[in-house]
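K.L.:
With the sequence up front, the predicted model follows.
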Amino acid sequence: MMKPKLLLICLLLTGKIFGQTKVVVVDGFGRTEVYNVLQADSSVREGEYTRFISRNNQAPLVVGRYHQNVKDSTWKYYSGANRVAEGNYRAGLKVGVWTGYARGAERLKFDFTTQKLILFTPAAVDTSLKVSLVGDNTNAAIERRPMYLSGLYTLANFLMRGIRPPAMLMEARKGGEVLVSVMVDENGKATNYSIRKKFGFGVDEEVLRVFNLSDGEWTPGSVNGKATAMVVEIPVVFEINKPDDEPHKPNQIVIIRSSFGR
């Protein structure tokens, strides 16, 4: 199996409307971003933004707007044809009520302005991941964990679609686990993706690449009623020659299964 080359295709379609230039970016896996930049400064995004599944599949994954290079106005997130999260940005920060959906129904509503959880219908996987505090709060009691707005099953689905098992792994025919950590800050922004537990065979780099493509729309955790930065650990498990219907451990939410001829 050949590892696909990561190519970046950037097409500049210049127009005179509002002094903006449309940019179309396609990576080596076909994922496509379309947005506008200022003609006077091509590093500044301004106006509508859309991320599509691929060049051949124009179903949107993310729809939003930028103002002066930061997220602004309403942003919507999709998994397939389903809307999975929606909310507003102002000057790059989440504001007001954000809503996460599961199977078309509201599963989570969180007010980022007041830092209040309005609605939450938990699934077992929501409490399965290890969460820890950072800084001076490491011994404090966690009141509320960070939560992925559209649900961890949606995140798992995104990762499973995006991760391509490297050729070295396929040749070794060996399963294993990569443990990824991410810090969710006081504003629900996901930063500092890193590998907590390595696997090798080129897997660690591939997993980290796809995590950095995710939008990371989280709600912040809290301690004593105050939004607090926390680290979430997410295991990505590669299983070789195991049938899809074979159960896995409850805390292993991302399973990449590959089969080889026997």
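P.N.:
Sure, I can see it.

K.L.:
And for stretch 54-65, what's in contact with it?
P.N.:
26, 29-32, 47-53, 71-81, 89, 215 (C-beta atoms under 8 Å, 6 or more residues apart in numbering). For every residue, glycine as well, the C-beta is placed using N, CA and C.

K.L.:
Now the buried members of these.
P.N.:
With neighbours counted by 16 or more other C-beta atoms under 10 Å, the contacts of stretch 54-65 contain buried members at 26, 31-32, 47, 49, 51-53, 71-72, 75, 77-79, 89, 215.

K.L.:
Return the subset of the residues you listed lying in strands.
P.N.:
Using DSSP state E, 26, 32, 47, 49, 51-52, 71-72, 75, 77-79, 89 are the members of the buried ones among the contacts of stretch 54-65 that sit in strands.

K.L.:
I'd like the residues you listed as TSV, with distance to T154 and pLDDT appended.
P.N.:
Formatted as TSV, these follow (distance: C-beta to C-beta, whole Å; pLDDT from 0 to 100):
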residue	distance to T154	pLDDT
V26	23	83
T32	20	88
G47	27	95
Y49	20	96
R51	15	91
F52	17	88
K71	19	95
D72	24	97
W75	15	97
Y77	8	95
Y78	10	93
S79	5	88
Y89	20	96
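
K.L.:
Which single one of those is nearest to M183?
P.N.:
K71 (18.9 Å; C-beta to C-beta).

K.L.:
For the residue lying closest to the closest one once chain neighbours are set aside, list each beta-bridge partner.
P.N.:
In space, and not counting its chain neighbours, K71 is closest to Y89: 3.9 Å by C-beta to C-beta, 6 or more residues apart in numbering. With beta bridges defined as DSSP bridges, Y89 has these partners: S73, K94.

K.L.:
check contacts around Y89.
P.N.:
The contact partners of Y89, by C-beta under 8 Å, 6+ apart, come to G64, V70, K71, D72, S73, W75, V95.

K.L.:
Could you export those residues as JSON lines, including distance to V134?
P.N.:
Converted to JSON lines, those look like this (distance: C-beta to C-beta, whole Å):
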{"residue": "G64", "distance to V134": "28"}
{"residue": "V70", "distance to V134": "25"}
{"residue": "K71", "distance to V134": "24"}
{"residue": "D72", "distance to V134": "29"}
{"residue": "S73", "distance to V134": "31"}
{"residue": "W75", "distance to V134": "26"}
{"residue": "V95", "distance to V134": "24"}
